[in-house]
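Undergrad: Quick one: sequence and predicted model below, then my questions.
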Amino acid sequence: MLQPESITTTEAGKESYGYTVSDTREYPNLDRNDTAYIPKAVEKNGVSLTLAGIDWQAMGNGTFTATASYSGRATGSKVTGYTSKAIYSGEVSKETLDSCTYKVIYEGAPIPAPYLQYGLTAGSVLALLIILAVLWNRRKNAKIYALLDGEFKIVRRVRISYIDPIVDLTSAAVQSRVSEYIITIDRWATKRLNNQRLRILCGDGMVRERNIPFAFHFITIYRGEQRSNSRKR
């Protein structure tokens, strides 16, 4: 139902238009018909009008009366439409299900005790293997060393992805602003990353790429240059 008190109306738009404003002025008792006596511009309702023409009339007493016509252009605006808003309110209802009961029927035979024990043992071993595999795949497989006080020290341990190998050496990542770093990758990760391109985000804003050979690998990074070496252990 419409709520009459909620109705509000506002202007939806305006447009400008122009129109002509004219006026006539009479100037009597002039000693001659000279246009110098006639004002060249007058104002009407805030609009400036200019002289358009003069009609002279000689009077019997030797004077003249001038009837001057003026015209000018004025502008205005008008509303092109309105927008009204209103609120409607009412009551709606919906039927809902209070509860739902499901019946589950299990079919089969009980598992003998020995097989049940073996099954639980095998399941436990399998679950443990899965957990170990997940932890192994999520381990941190690389170390970052920074040259601090003339000695390379570990500043961060990271995990290099096997899908998109990348190492971040920016100051925010390693919490260090030294000029030389060494990245070491463990043997298992090196095998997984064999012949892949490793992207290195350096502190100078450059992104350098190095190929990872099938060997225990370490990479030395400088802010201005890059060297790579491979060693088998």
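TA: Thanks, I have it.

Undergrad: shaky segments in the chain?
TA: The chain contains residues with pLDDT under 70 at 111-120, 213-233.

Undergrad: Strand partners (parallel or antiparallel) of the top strand by length along it?
TA: For the chain, the strand reaching the highest residue count under DSSP state E is reported as strand 2-30. Strand 2-30 sits in its sheet next to strand 64-88 (antiparallel), going by DSSP bridges.

Undergrad: buried sites along the partner strand?
TA: 64, 66, 68, 70, 72 (16 or more other CB atoms under 10 Å). The C-beta positions use only the backbone N, C-alpha and C, and glycine is treated the same way.

Undergrad: Serialize those to a markdown table and add fields for distance to residue 175.
TA: Listed next are these as a markdown table, based on distance: CB to CB, whole Å:
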| residue | distance to residue 175 |
| --- | --- |
| 64 | 101 |
| 66 | 95 |
| 68 | 90 |
| 70 | 84 |
| 72 | 77 |
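
Undergrad: Buried residues of stretch 3-21, list them for me.
TA: residue 21.

Undergrad: ok, and what's touching it?
TA: For stretch 3-21, the surrounding residues in contact (CB atoms under 8 Å, 6 or more residues apart in numbering) are 44-45, 47, 49, 71-89.

Undergrad: Stretch 140-159 now?
TA: 138-139, 160, 167-169, 173-176, 178-186, 188-189.

Undergrad: C-terminal to the longest strand of the chain, what's the next element?
TA: Scanning forward in sequence from strand 2-30 by DSSP states H and E, the next helix or strand is strand 41-44.

Undergrad: Direction included, what does that following strand pair up with?
TA: Partners of strand 41-44 in its sheet, by DSSP bridges: strand 47-58 (antiparallel).

Undergrad: Just the residues contacting the strand it pairs with, thanks.
TA: Strand 47-58 is contacted from outside by 21-23, 33, 35, 38-43, 64-74, using CB under 8 Å, 6+ apart.

Undergrad: and if we set it to 10 Å?
TA: If you take CB atoms under 10 Å, 6 or more residues apart in numbering as the criterion, strand 47-58 is touched by 19-28, 30, 32-35, 37-43, 63-75.

Undergrad: Same check on stretch 93-104?
TA: Contacts for stretch 93-104 (CB under 10 Å, 6+ apart): none.

Undergrad: Go through that stretch and flag the buried ones.
TA: Residues of stretch 93-104 classed as buried: none (neighbour count, 16+ other CB under 10 Å).

Undergrad: What is the end-to-end distance of it?
TA: 34 Å (CA to CA, to the nearest Å).

Undergrad: Check the offset of it from the chain's centre.
TA: Relative to its parent chain, stretch 93-104 has a centroid offset of 44 Å by CA atoms, centre = their mean, to the nearest Å.

Undergrad: Now, the contacts of stretch 140-159 that are in strands?
TA: 167-168, 180-185.

Undergrad: How is this structure divided into domains?
TA: Domain assignment for the chain by automatic domain parsing gives 4-79, 142-230.

Undergrad: Comparing those domains, which comes out most buried?
TA: Burial of the domains of the chain is given as mean neighbour count (mean count of other CB atoms under 10 Å); domain 142-230 ranks first at a mean of 15.
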